[in-house]
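Undergrad: Sequence first, then the predicted structure:
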Amino acid sequence: MKIILKNLTKIFPNRTKGKADVVAVNDFDIEIPDGYLVGLLGPSGCGKSTALNLISGLLEPTSGQIFFGDDDVTKLSPESRGVGMVFQNYALYPHLTVRQNIVFPLENFKGEARLSREEMNAKAEEAARLVQIEGLMDRKPSEMSGGQQQRVAIARAIVKRPKVLLLDEPLSNLDARLRLQTREEIRRIQKETAITTIFVTHDQEEAMSISDLIIVMKDGIINQVGKPQDVYDDPVNLFVAKFLGTPQINTFKGRVENGKVYIGDEAVMKVSNVPDQPVHVAIRPEGFIPEANGPLTCHLSAVEVMGRDTSIVSTNPAFDGAEIRSIVSSDIKIPANQKEVHFTIKPHKIFLFDWHDEKRIYFETGK
Ligand code: ATP
């Protein structure tokens, strides 16, 4: 089911005198193709849950419209929209068994849609098989691990075969290993069912790893939409560049002068079409090549060899944080007692952003 959001806005009126209203979702205008898994990504408080709750019908928008396919569902109740929801805290009924939890959404079908007990059981078992908990149907939630409980919650959300599946931070309560496993599971289940799914997370790695599309938002505003790799390779502003990628992108105070990009007094790259101006220079960790005659000089703090990769930790007076993190192949040997390291920068791993509005400045590499 295709989802279209048209100028969707949610404003929470302030309750404190002198404080502004909160625009939690600001003019969302987006089309999500049928069968996609979409990661809705942004820092805490940016409006992710509000956006999801508008799509589910749990919240009413201040303005704008929501379409599922060609149907305007803006005024429909959550039950009539055909959405399945999974929350961070599982929200299972503790006194019911797994089977009873999964069957629950099927119990109140009315009239012709009403199902027999056998039909309900068959559907519950099919959903349980899909999330691989068919052997646990008679347990209570308290007798299961967090990962298993989350699978039950997913089975309960998909048992009605919803048109749209909405997941709000579904992995947050799981430990690191289970998080990894469960996110792969969500991807598999989503592929098998082909249900259009929106997955809310503040964890960029989680969103990048399983999404067909990511929506990066900040302060209620969509900053960028695209395939995870495209957004990583081509961020529209400094916020998006910093939000995606571990270790974080390295940012420097820099300037463009006479067709050259300067970090401090060192010209690190030629550019042919950027007027002189102060800029944020951002370089991905994998964008540094250690070379004896490289133009960027940094003070070497540490060399950490981690199997395949070597992490070089260094500092530079123009750097915008504590330590520059660069990742190179472990085939490149850097003596740890070396005082300085010189880098050449890969042109496609360096981005320039306007000093004031932090929007991307596109450049051509000069000769
Ligand atoms: P988190 O990752 O921390 O859950 P989020 O990105 O999901 O955050 P929301 O919960 O959607 O963010 O909140 C967005 C903004 O709207 C926040 O500033 C929040 O304080 C505000 N907000 C959310 N719900 C309400 C409400 N019912 N009344 C007033 N303000 C609200």
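TA: Received it, and whenever you're ready, just let me know what you need.

Undergrad: Going by C-alpha atoms from here, please, whenever you check contacts or count neighbours.
TA: OK.

Undergrad: next helix or strand past the top helix by length along the chain?
TA: In the chain, taking DSSP state H as the definition, the longest helix is helix 176-193. Counting by DSSP states H and E, the next helix or strand C-terminal to helix 176-193 is strand 196-201.

Undergrad: and the angle for that following strand with helix 176-193?
TA: 160 degrees (axes from the mean of the first three to the mean of the last three CA atoms, to 10 degrees).

Undergrad: how about strand 196-201, does it reach the ligand?
TA: No - with CA under 6 Å from any ligand atom as the criterion, the ligand is not reached by strand 196-201; the gap is at least 7.0 Å.

Undergrad: right, and the helix or strand after that strand?
TA: helix 204-210.

Undergrad: Buried residues in that following helix, which are they?
TA: Buried residues in helix 204-210, counted by 16 or more other CA atoms under 10 Å: 204, 206, 207, 208, 210.

Undergrad: How about stretch 226-243?
TA: Quick answer for stretch 226-243 (16+ other CA under 10 Å): 226-228, 231-238, 240-243.

Undergrad: Of these, just say which sits nearest to the ligand.
TA: residue 243 (13.8 Å; CA to the nearest ligand atom).

Undergrad: Report the contact partners of the residue found closest to that closest one once you drop the neighbours it is linked to in the chain.
TA: Distances taken as CA to CA, 6 or more residues apart in numbering put residue 204 closest to residue 243, at 7.1 Å, once the chain neighbours are dropped. By CA atoms under 8 Å, 6 or more residues apart in numbering, the contact set of residue 204 is 41, 42, 243, 244, 245.

Undergrad: ok, which pair from the buried residues of stretch 226-243 is furthest apart?
TA: 227 and 238 (17.9 Å; CA to CA).

Undergrad: Show me the strands in the stretch 1-150 of the chain, by range?
TA: Remark: strands assigned in the stretch 1-150 of the chain by DSSP state E, counting those that start in this stretch are 3-12, 22-32, 37-41, 63-68, 71-72, 83-87.

Undergrad: Just name the most buried of the ones you listed.
TA: Of all these, strand 37-41 has the most neighbours on average by mean count of other CA atoms under 10 Å, namely a mean of 27.

Undergrad: What pLDDT is listed against the residue in the stretch 201-350 of the chain positioned nearest to the ligand?
TA: Relative to the ligand, the nearest point of the stretch 201-350 of the chain is residue 202 (6.0 Å; CA to the nearest ligand atom). With respect to pLDDT, residue 202 scores 89.

Undergrad: ditto for residue 9
TA: 98.

Undergrad: ok now do residue 213, which residues does it touch?
TA: 36, 37, 38, 39, 225, 226, 227, 228.

Undergrad: so which strand or helix has the nearest residue to residue 85 once chain neighbours are set aside?
TA: Excluding the flanking residues, the one nearest residue 85 by CA to CA, 6+ apart is residue 166, at 4.8 Å. Residue 166 is part of strand 164-168, with elements assigned from DSSP H and E.

Undergrad: And the contacts of that strand?
TA: For strand 164-168, using CA under 8 Å, 6+ apart, the contacting residues are 1, 49, 52, 56, 82-88, 157-158, 195-201.

Undergrad: swap in stretch 181-190?
TA: Counting by CA under 8 Å, 6+ apart, 37, 130, 131, 147, 171, 196, 197, 206, 210 sit against stretch 181-190.

Undergrad: List the buried residues of that stretch.
TA: Buried residues in stretch 181-190 (16+ other CA under 10 Å): 182, 183, 185, 186, 187, 189, 190.

Undergrad: Tell me the one of those residues nearest residue 265?
TA: residue 183 (45.6 Å).

Undergrad: residues in the chain within reach of the ligand, list them.
TA: Of all the residues in the chain, those lying near the ligand are 12, 22, 24, 44, 45, 46, 47, 48, 49, 50, 202, going by CA under 6 Å from any ligand atom.

Undergrad: How many residues are close by residue 78?
TA: 18 (other CA atoms under 10 Å).

Undergrad: OK, contacts around the closest residue in space to it that isn't next to it in sequence?
TA: In space, and not counting its chain neighbours, residue 78 is closest to residue 57: 4.6 Å by CA to CA, 6+ apart. By CA under 8 Å, 6+ apart, the residues touching residue 57 are 74, 76, 77, 78, 81.

Undergrad: Over to residue 155?
TA: Applying CA under 8 Å, 6+ apart, the residues near residue 155 are 102, 124, 127, 128, 130, 131.

Undergrad: filter those to the buried ones?
TA: In those, burial by neighbour count holds for 102, 124, 127, 128, 130, 131, counting by 16+ other CA under 10 Å.

Undergrad: Can you lay out these as CSV showing pLDDT?
TA: Shown next, in CSV, are the buried ones among the contacts of residue 155 (pLDDT from 0 to 100):
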residue, pLDDT
102, 95
124, 93
127, 92
128, 92
130, 87
131, 86
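
Undergrad: Just put these in JSON lines and tack on distance to residue 217.
TA: Shown next, in JSON lines, are the buried ones among the contacts of residue 155 (distance: CA to CA, whole Å):
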{"residue": "102", "distance to residue 217": "33"}
{"residue": "124", "distance to residue 217": "36"}
{"residue": "127", "distance to residue 217": "32"}
{"residue": "128", "distance to residue 217": "34"}
{"residue": "130", "distance to residue 217": "32"}
{"residue": "131", "distance to residue 217": "30"}
